[in-house]
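Chemist: missing the sequence, but the structure's below:
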């Protein structure tokens with residue numbers, strides 16, 4: 001049974017802040033201004049969706065929407081030296097993904113959707129694993145294989161395989177490495193029946209844990225014998241990378257293939273970028289682990305894919321996905337934070353995407369009717385998100401992200417137009433911030449430190465919308481730098497008998 005999809009059309013006036021509109025049965029989509037057909041319109045949103053911000057020309061002729069500001073000689077000198085900024089245009093700390101980058105437009109006022117899209121690309125480039133980080137994880141897998149080969153096993157061929165988000169590079173710098181030790185009958189590709197029972201698996205994990213410590217792979221490791229799927233949790237000595245090791249776990253490989261297909265073949269311009277941002281968003285709120293009630297990487301991927309499949313303008317071919325990642329991110333938070341009918345709808349990505357009735361599917365939980373339901377494309381009887389018991393809090397968090405992003409857009413738009421955010425709430429917040437000194441102008445109007453003249457005099461000042469919902473801890477940045485230094489030092493390569501790394505290319 002397929003549910004119908006409806007699109008609610010809401011138009012907001014240019015000077016009105018984003019509001020929390022009443023939840024519909026399913027969805028309301030915002031549109032972007034990046035496709036050619038949208039260039040004739042006067043706003044970010046298209047005719048079939050929410051207008052985020054409507055741009056108008058100011059009295060000086062500096063239109064906010066795509067209006068070029070001719071840079072004078074002093075501007076060109078500033079652009080030439082590319083000054084290092086420590087704050088954004090409104091005085092907030094510059095997020096690490098914008099450091100070293102000049103603002104989009106090089107002295108102009110580009111479309112706001114283009115600015116969001118540009119920041120999404122910069123964030124994804126920043127958060128994605130570097131060559132050194134990926135190679136270090138690969139060497140951790142190789143080192144585990146070396147330990148496995150040292151264990152005397154009669155008639156068994158062990159093989160260390162990494163699953164989860166490793167192949168698709170959908171992992172965050174803070175992510176563990178999920179590995180499976182596959183125990184095959186020697187000379188075949190059949191899994192050994194000797195390790196079908198849980199006690200046998202736990203016994204092998206104990207032997208492996210002792211071998212890992214003897215090899216120096218880790219100082220200590222923990223065998224979680226009572227878990228539904230027994231695993232070893234350890235920290236590799238050289239890299240400091242956390243690893244989870246299970247035995248004969250096949251289910252993870254099927255889901256990894258699905259993720260890889262959607263990332264590399266079906267939606268190569270969107271899935272990976274959106275998934276990484278949403279994973280970071282949930283990670284910093286401790287909502288990214290299923291065992292604590294959160295949403296895992298596989299479920300996040302399916303949520304993103306479903307939204308893209310059911311998006312009316314993507315289905316009609318009227319939206320350039322690559323140029324609208326920022327708008328699609330906002331729509332993701334609107335969809336699953338405000339519009340999605342959790343009680344009735346089950347998500348399915350089969351057959352180019354469809355919405356199924358939860359009761360007919362058998363996924364409805366009477367004691368928890370609001371739970372998210374996602375059909376596993378690898379097993380139609382499996383509800384991928386059944387264990388995400390914190391979905392109500394996650395839904396509220398998604399809703400808040402939508403509001404915060406829209407408020408950030410609105411504040412920037414009003415600053416660009418009038419020298420300050422004119423929304424009463426934003427003005428009240430600004431008045432409370434010591435860093436935003438307020439003074440009375442010659443015309444008697446109370447003005448913020450960031451006024452129109454100052455704003456237009458420095459068109460290269462960075463603008464960040466994503467920092468309203470995302471943050472990277474300094475400890476994470478330090479850990480990444482440390483991992484790169486360890487790679488270049490070559491200790492892991494010496495252990496594995498590899499040649500020393502070069503500083504140009506790992």
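Modeler: That came through, no problem. The structure presented is a predicted model; accordingly, all values stated were derived computationally and were not measured.

Chemist: what is the burial count for the residue lying closest to residue 140 once chain neighbours are set aside?
Modeler: In this structure, residue 140 finds its nearest non-sequential neighbour in residue 236, 5.0 Å apart by CB to CB, 6 or more residues apart in numbering. Where C-beta positions appear, they are placed from N, C-alpha and C, glycine not excepted. Close neighbours of residue 236, defined as other CB atoms under 10 Å, add up to 23.

Chemist: hang on, residue 236 packs against residue 215?
Modeler: No. When contacts are counted by CB atoms under 8 Å, residue 236 is not listed as touching residue 215 (10.7 Å).

Chemist: which neighbours do those two share?
Modeler: Shared contacts of residue 236 and residue 215, defined by CB atoms under 8 Å, 6 or more residues apart in numbering, are found at residue 143.

Chemist: what are the phi and psi angles of the residue nearest to residue 140?
Modeler: Backbone torsions of residue 236, given as degrees, to the nearest 10, read phi -60, psi 140.

Chemist: who touches it in this structure?
Modeler: By CB under 8 Å, 6+ apart, residue 236 lies in contact with 140, 143, 217-218, 242-243.

Chemist: helices of the stretch 251-400 of the chain, start to end?
Modeler: Secondary structure of the stretch 251-400 of the chain (DSSP state H, counting those that start in this stretch): helices located at 251-261, 271-283, 297-310, 312-315, 325-334, 358-361, 391-418.

Chemist: will you turn those into JSON lines that also has distance to residue 350, mean pLDDT and mean neighbour count?
Modeler: Listed next are these as JSON lines, based on distance: least, CB to CB, whole Å; pLDDT from 0 to 100; neighbours: other CB atoms under 10 Å:
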{"stretch": "helix 251-261", "distance to residue 350": "11", "mean pLDDT": "86", "mean neighbour count": "18"}
{"stretch": "helix 271-283", "distance to residue 350": "16", "mean pLDDT": "97", "mean neighbour count": "23"}
{"stretch": "helix 297-310", "distance to residue 350": "10", "mean pLDDT": "97", "mean neighbour count": "24"}
{"stretch": "helix 312-315", "distance to residue 350": "16", "mean pLDDT": "94", "mean neighbour count": "17"}
{"stretch": "helix 325-334", "distance to residue 350": "20", "mean pLDDT": "98", "mean neighbour count": "25"}
{"stretch": "helix 358-361", "distance to residue 350": "12", "mean pLDDT": "89", "mean neighbour count": "16"}
{"stretch": "helix 391-418", "distance to residue 350": "22", "mean pLDDT": "93", "mean neighbour count": "20"}
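
Chemist: out of the ones you listed, nearest to residue 472?
Modeler: Of all the helices of the stretch 251-400 of the chain, helix 271-283 sits nearest to residue 472, with 8.0 Å by CB to CB.

Chemist: how big is the angle separating the closest one from helix 325-334?
Modeler: Using axes from the mean of the first three to the mean of the last three CA atoms, to 10 degrees, one finds that helix 271-283 and helix 325-334 are set 50 degrees apart in direction.

Chemist: run through who's touching helix 271-283.
Modeler: 120-121, 123-124, 127-128, 168-170, 172, 174, 262-263, 288, 294-295, 297, 300-301, 303-305, 308, 325, 328-329, 332, 394, 397, 401, 466, 469-470, 472.

Chemist: stretch 167-179 too?
Modeler: Outside stretch 167-179, the residues that reach it (CB under 8 Å, 6+ apart) are 127-129, 133-134, 137, 140-141, 144, 160-166, 241-246, 252, 256, 259-260, 263-264, 272, 275-276, 279-280, 283, 297, 301, 476, 479-480.

Chemist: distance between the ends of it?
Modeler: 12 Å (CA to CA, to the nearest Å).

Chemist: repeat that for stretch 289-299.
Modeler: From its first residue to its last, stretch 289-299 covers 11 Å (CA to CA).

Chemist: chain center to it, what's the gap?
Modeler: Relative to its chain's centre, stretch 289-299 lies at 14 Å (CA atoms, centre = their mean, to the nearest Å).

Chemist: in it, what's buried?
Modeler: By 16 or more other CB atoms under 10 Å, the buried positions in stretch 289-299 come out as 290, 293-299.

Chemist: moving C-terminal from the helix or strand of the chain with the lowest mean pLDDT, which element do we reach first?
Modeler: Counting by mean pLDDT, DSSP states H and E, the weakest-scoring helix or strand in the chain turns out to be helix 73-81, with a mean of 41. Note on helix 73-81: by DSSP states H and E, the next helix or strand toward the C-terminus is helix 112-127.

Chemist: which helices and strands sit right next to that following helix?
Modeler: On a contact count with 3 or more CB pairs under 8 Å, 6 or more residues apart in numbering; DSSP states H and E, helix 112-127 meets helix 271-283, helix 325-334, helix 391-418.

Chemist: quick one, the longest one and helix 325-334 angle?
Modeler: Comparing the axes of helix 391-418 and helix 325-334 via the same axes, to 10 degrees yields an angle of 140 degrees.

Chemist: show me how far helix 391-418 is from its chain's centre.
Modeler: Remark: helix 391-418 is offset 16 Å from the chain centroid, using CA atoms, centre = their mean.

Chemist: what helices and strands are in contact with it?
Modeler: helix 112-127, helix 271-283, helix 325-334, helix 424-432, helix 452-457.

Chemist: including distance to residue 493, could the ones you listed go into TSV?
Modeler: Putting those into TSV (distance: least, CB to CB, whole Å) gives the following:
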stretch	distance to residue 493
helix 112-127	26
helix 271-283	28
helix 325-334	37
helix 424-432	52
helix 452-457	51
